[in-house]
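**Q** next one to model:
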Amino acid sequence: FIFLQENKFFRKKTLNLINSINFKNKSDLLSFKIDNILIGDLVYDTYLKDTGNPTINLNDPVFQSLLIKTINIFYYWKFFFDSNEVVAVIISDSVYTNSMVSRISSYKKISTYQCNWNNICRIDKKNFHAYSKFHFYKKDFESLSKFEQTKAMEITKKRINMRLRGSTRIDDQIYTGHTSWHLDFGEKRILTNSKKKKILIASHGFIDAPHCYGPESIIFPDFYEWLIFLDKISKETDYEWYIKAHPHAMEKDYEILKKFLKDRPHLFELPKQCTHNQLINEGINCVLTVYGTIAWEYAYFEIPVISASKNNPHINYNFCVHAQNINEYEKMIKNFDDLKIDFNKKKIYEFYFMHNIFSRSNWLFNNHEKIMSDIQGYDNLAKFRFYEYWIANFDKNKKDSINKNIHDFLNTDHLYIKNKNILQD
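**A** Residues are numbered from 1 along each chain as shown. Just a heads-up that it's a prediction; the model follows:
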């Protein structure tokens, strides 16, 4: 492990740059680059994570200290790559300032990979977030044979039906035994009986890397600024406004949301455990998200979803709409009945298959569900329990299988390992 501290050798260079910086607003920070390498989004998200604040304060001494430290470490890594013949870099994630090394290595055209339990992703200048593979979903699906596409549709229909009827640990939800799509309706009605249009705000986790898809992940500086805007718009409409906490938000996120709603009685907070099936049954008319899975989920029921994002997993599909700027976003919300949305189930199936099945590889584990069961839950994946399990079950056959998976991937130009095995079972 490498633990970096402020490097005195680069202190003068760091302070010279600091003295030349003048962030006029949060957007300036998000677009901040050093030597043409973007790092502003990493600094922004690291500040939120470290402080637990829902938005950034550019005058906060904590932020200023973080910026100085980040720039200093940037110069260290830049010098390191300039001074050494590095042939490859492997990281575990592509968010927060710890991943800054991958920004520099990919800029210098060094082979860079993000490696975790469910895939290996290439990182380069065009795709510096491991999660940007969604740009290739349509192309990759079209490259499948007709037989494979048909089988993909059959698999997906079953998985979606299970998921939207309350099954847990399905595909991308493998990490949780909780679902917001259970079939336990409350005895009392949740929404009012009024004839007013009913808007659902699907809140996000405020401090967990809102810019995980880059600065264009969200057309606002962060999730908190998004909610502030929606609060303003809610007062200009004759809608009923409901808000639901993210089902897997951390306790800190929930505290932030509760505090935000304290003096905003016109935004009705929905019960944390209520099911979307009941909300749909009672008449939600439109859903607002930034880039949540709720985009495809409500589209499946032909309910308009407006995304406040220019770069997100659903961006290449038309089953929901994506605002390109705040003005367009406002118009979409105020005129959502006029939106032209293609609720094509086949495209929803295609997206789901590509995002939740095909792009989740078994390069390391043959059976994700069995592993999670054996180690008693996803939360133990990064704990000692998993390492004991791995040591007990690792053998030469497993080693050879992993090496083959890696070798096969490296001999392609693919951005990620494709789970074609699911189509051959």
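**Q** hey, let's count contacts and neighbours off CA atoms from now on
**A** Noted.
**Q** hey, where'd the strands end up in the stretch 1-150 of the chain?
**A** In order along the chain, the stretch 1-150 of the chain carries the following strands (DSSP state E, counting those that start in this stretch): 33-34, 37-38, 88-91, 111-116, 119-123.
**Q** okay, those in JSON lines with mean neighbour count and mean pLDDT next?
**A** As requested, these are arranged in JSON lines below (neighbours: other C-alpha atoms under 10 Å; pLDDT from 0 to 100):
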{"stretch": "strand 33-34", "mean neighbour count": "13", "mean pLDDT": "97"}
{"stretch": "strand 37-38", "mean neighbour count": "18", "mean pLDDT": "96"}
{"stretch": "strand 88-91", "mean neighbour count": "16", "mean pLDDT": "96"}
{"stretch": "strand 111-116", "mean neighbour count": "19", "mean pLDDT": "95"}
{"stretch": "strand 119-123", "mean neighbour count": "25", "mean pLDDT": "94"}
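**Q** which residues does stretch 186-194 contact?
**A** With C-alpha atoms under 8 Å, 6 or more residues apart in numbering as the test, stretch 186-194 has contacts from Leu270, Cys274, Gln278, Leu279, Glu282, Gly283.
**Q** scan the chain for its longest helix.
**A** Residue-count comparison of every helix in the chain, with assignments taken from DSSP state H, identifies helix 61-83 as the longest.
**Q** pull out the buried positions in that helix.
**A** Under the neighbour-count criterion of 16 or more other C-alpha atoms under 10 Å, helix 61-83 has 63, 66-78, 81 buried.
**Q** circling back to that earlier point, closest to Tyr254 out of the strands of the stretch 1-150 of the chain?
**A** Nearest to Tyr254, of all the strands of the stretch 1-150 of the chain, is strand 111-116, at 28.0 Å by C-alpha to C-alpha.
**Q** what are the C-alpha coordinates of the closest one, in CSV please?
**A** Listed next in CSV are the C-alpha coordinates belonging to strand 111-116 (Å, rounded to 0.1, in the frame of the first residue of the first chain):
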residue,chain,number,x,y,z
SER,A,111,-2.8,1.2,-19.8
THR,A,112,-5.1,1.8,-16.9
TYR,A,113,-7.7,-0.5,-15.4
GLN,A,114,-10.3,-0.4,-12.7
CYS,A,115,-10.7,-3.8,-11.2
ASN,A,116,-13.4,-5.0,-8.8
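**Q** save the strands of the stretch 1-150 of the chain as JSON lines, and put in distance to Ile160 too.
**A** As requested, the strands of the stretch 1-150 of the chain are arranged in JSON lines below (distance: least, C-alpha to C-alpha, whole Å):
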{"stretch": "strand 33-34", "distance to Ile160": "41"}
{"stretch": "strand 37-38", "distance to Ile160": "37"}
{"stretch": "strand 88-91", "distance to Ile160": "32"}
{"stretch": "strand 111-116", "distance to Ile160": "25"}
{"stretch": "strand 119-123", "distance to Ile160": "22"}
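**Q** of those, which is nearest Asp253?
**A** Closest to Asp253 of the strands of the stretch 1-150 of the chain, according to C-alpha to C-alpha: strand 111-116, at 25.4 Å.
**Q** in the stretch 201-350 of the chain, which spans are helices?
**A** Secondary structure of the stretch 201-350 of the chain by DSSP state H, counting those that start in this stretch: the helices cover 223-234, 251-261, 276-282, 294-299, 326-334, 345-353.
**Q** repeat that for the stretch 1-150 of the chain.
**A** Using DSSP H, counting those that start in this stretch, the helices found in the stretch 1-150 of the chain span residues 11-20, 26-30, 40-51, 61-83, 100-107, 137-142, 146-163.
**Q** of all the ones you listed, which one is nearest Asp413?
**A** Proximity to Asp413, assessed across the helices of the stretch 1-150 of the chain by C-alpha to C-alpha, is greatest for helix 137-142 (12.6 Å).
**Q** name the residues of the closest one that are buried.
**A** Neighbour-count burial for helix 137-142, with 16+ other C-alpha under 10 Å as criterion, is recorded at Tyr137, Phe141.
**Q** residues touching it, excluding its own?
**A** Gln149, Asn316, Glu350, Phe351, Met354, His355.
**Q** residues contacting the last one?
**A** Contacts here follow C-alpha under 8 Å, 6+ apart; on that basis His355 touches Phe134, Tyr137, Pro313.
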